[in-house]
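let me see the structure of the following:
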Amino acid sequence: MLYTSRTVKASSRSDRTRQAIIEAAGRLWMERGLHGVGLEEVASAAGVTRRTVYLHFGSKAALLLAYVYDSESRAGLPGLVAAMTAAKTPAEIFDVLGQIQVQYVPQVFPSMRVVHAARASEPAAAEVWDDRMRGRRTVFRAVATRLSEMGRLDPALSIDDAVGLIWVLTSPHMYEYLVVDGGWSLDRYRGHVVRLLSRALLVSGPIS
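Numbering: from 1, shown residues only. Below you'll find the predicted structure:
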């Protein structure tokens with residue numbers, strides 16, 4: 001396909017409009033929650049029409065998911081997941097999991113809390129929460145499988161068992177209870193998460 005300067009400029013404008021909508025929606029949702037903000041209000045805050053919002057996203061759920069993905073990207077999650085996938089030892093895997101807890105989770109926790117709180121009565125929130133939890137399980141299954149291939153996963157655990165343990169020990173609720181509510185430092189929290197993961201998942205011995 002031949003791209004002209006006019007095509008590139010149009011694409012750039014479209015990308016800027018899309019990003020403006022995402023950012024406007026995020027600001028409103030973080031200030032007032034999901035229930036009190038409609039797409040018309042998002043459109044006004046972004047300086048576009050409601051029709052433009054629908055043309056770019058189609059639904060509130062799609063816009064919310066785009067906002068969550070954007071937040072994850074800004075917090076560096078894709079790079080952290082790639083580093084964990086490339087890890088060659090359990091120590092490297094757990095080190096990245098620890099980094100996720102102190103680099104990524106604090107940045108996205110406010111939006112995660114808003115989505116979690118709204119999911120029981122807001123279909124869009126429930127849809128997005130389920131999508132992201134499926135994503136977490138996919139990553140954790142890859143981690144558990146990698147530990148098993150290394151011969152380091154405790155033989156008493158199935159892959160599903162290991163996924164469940166990683167799920168619990170790296171839960172956003174753990175971060176909330178210990179850091180947000182409990183006042184733990186990020187360094188202390190990270191150290192305990194790494195130690196708990198190694199003790200829960202590995203055969204006895206050093207994690208290196």
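
pull the residues that contact stretch 62-73.
In this structure, residues lying in contact with stretch 62-73 by C-beta atoms under 8 Å, 6 or more residues apart in numbering are 18-19, 21-22, 25-26, 29, 34, 39, 42, 53, 56-57, 78, 104, 107-108, 111, 115, 124-125, 127-128, 131-132. All C-beta atoms are positioned from the backbone trio N, CA, C, and that covers glycine.

may I see the buried residues of it?
Leu63, Leu64, Leu65, Ala66, Tyr67, Val68, Tyr69, Asp70, Ser71, Glu72 (16 or more other C-beta atoms under 10 Å).

so which helix or strand takes in the fourth one?
Following DSSP states H and E, the helix or strand that holds Ala66 is helix 60-74.

just give me how far that helix sits from the chain centre.
Relative to its chain's centre, helix 60-74 lies at 10 Å (C-alpha atoms, centre = their mean, to the nearest Å).

next SSE downstream of it?
helix 77-86.

so which bits of that following helix are buried?
For helix 77-86, a neighbour-count test (16+ other C-beta under 10 Å) marks Leu77, Leu80, Val81, Ala83, Met84 as buried.

for that helix, which outside residues touch it?
Against helix 77-86 from outside (C-beta under 8 Å, 6+ apart): 72, 92-93, 96-97, 99-100, 103-104, 108, 139, 142-143, 146.

cheers, nothing more for now.
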